[in-house]
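Chemist: give me a model of this one.
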Amino acid sequence: MIAVALVDDHVVVRSGFAQLLSLENDIKIVGQYSCAAEAFPALIKNQPDVAVLDVAMPDENGLSLLKRLRQQRPGFRAIILSIYDTTAFVQSALDAGASGYLTKRCGPEELVQAVRTVGMGGHYLCADALRALRHAGQPAKVLEVLTPREHEVFDLLVKGESVKHIAEQLNLSHKTVHVHRANILGKLQCESTIDLVHFALEHQLLAGH
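Modeler: Residues are numbered from 1 along each chain as shown. Now for the predicted structure:
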């Protein structure tokens, strides 16, 4: 069961998210808060698996709140929710330690998917956020959603290495490499290894990474 806390000053939005997520058998809402001052002590105490933080709140923005939370709990996992999808804003969220980023144009099913992914230890960027990073002129930033190990696996996959050879080179089991590959595909919103190769070619990642 993924324990989720919601922080949004709009009660209608917050209640709607709560109702939507509560329909899922593997998700439980453990807290709803309307401002940072109310949310901070509760989130530190209750330690949800993932928090959905709105950026625009009356007393403190969501990025500032996330930074404070991660100072107290370095492993705190949060999805930033914003109306903005600019490169600078998405990058600021990642720099603050966000594990996920959704714009308010995202559909209900994407919220559920993001909560599941982040709640299980992954990262999730919506299409708008990923597109912003891809078009930033700094393609390497797109790969910041990958862990160091995933980055290694990504490099080998796009160079044409098989799962077997990757496992041997990195001293990992075949199963572990498959898990890393699945996580990479999800984070970069690609469907297959071929898509990863196209992604790498498009952003000139093959030579530099």
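Chemist: residue 116 contacts residue 49, doesn't it?
Modeler: No - with contact defined as Cβ atoms under 8 Å, residue 116 does not reach residue 49; the gap is 10.2 Å. In short, each C-beta sits where N, CA and C put it, glycine included.
Chemist: quick check: neighbours shared by these two?
Modeler: residue 2 (Cβ atoms under 8 Å, 6 or more residues apart in numbering).
Chemist: can you pull out the residues in contact with the lengthiest helix in the chain?
Modeler: Assignment by DSSP state H gives helix 174-188 as the longest helix of the chain. Contact with helix 174-188 is made by 117, 122-125, 130, 142, 145-146, 149-150, 153-154, 157, 163-164, 166-167, 170, 172, 190-193, 195-196, 199, as judged by Cβ under 8 Å, 6+ apart.
Chemist: in helices, which of those residues appear?
Modeler: Of the positions in those, 117, 130, 149-150, 153-154, 157, 163-164, 166-167, 170, 193, 195-196, 199 sit in helices, assigned by DSSP H.
Chemist: endpoints of stretch 115-128, how far apart?
Modeler: 17 Å (Cα to Cα, to the nearest Å).
Chemist: and if you look at stretch 57-66?
Modeler: 13 Å.
Chemist: so, low pLDDT: which residues of the protein?
Modeler: Across the chain, the ranges flagged by pLDDT under 70 are 135-141, 202-204, 206-209.
Chemist: outline the domain layout of it.
Modeler: Per the record, the chain has its domains at 2-134, 146-208, by automatic domain parsing.
Chemist: and residue 183, how many neighbours?
Modeler: Residue 183 has 22 neighbouring residues, counting by other Cβ atoms under 10 Å.
Chemist: can you tell me how far it is from residue 98?
Modeler: Distance, residue 183 to residue 98, using Cβ to Cβ, to the nearest Å: 17 Å.
Chemist: quick one: the strands in this protein?
Modeler: Taking DSSP state E as the criterion, the chain contains strands spanning 2-7, 27-33, 50-54, 78-82, 100-103, 124-125.
Chemist: to residue 17, which of those strands lies closest?
Modeler: strand 2-7 (5.5 Å; Cβ to Cβ).
Chemist: tell me the most buried of the domains of the chain?
Modeler: Of these, the one with the most neighbours on average (mean count of other Cβ atoms under 10 Å) is domain 2-134, at a mean of 18.
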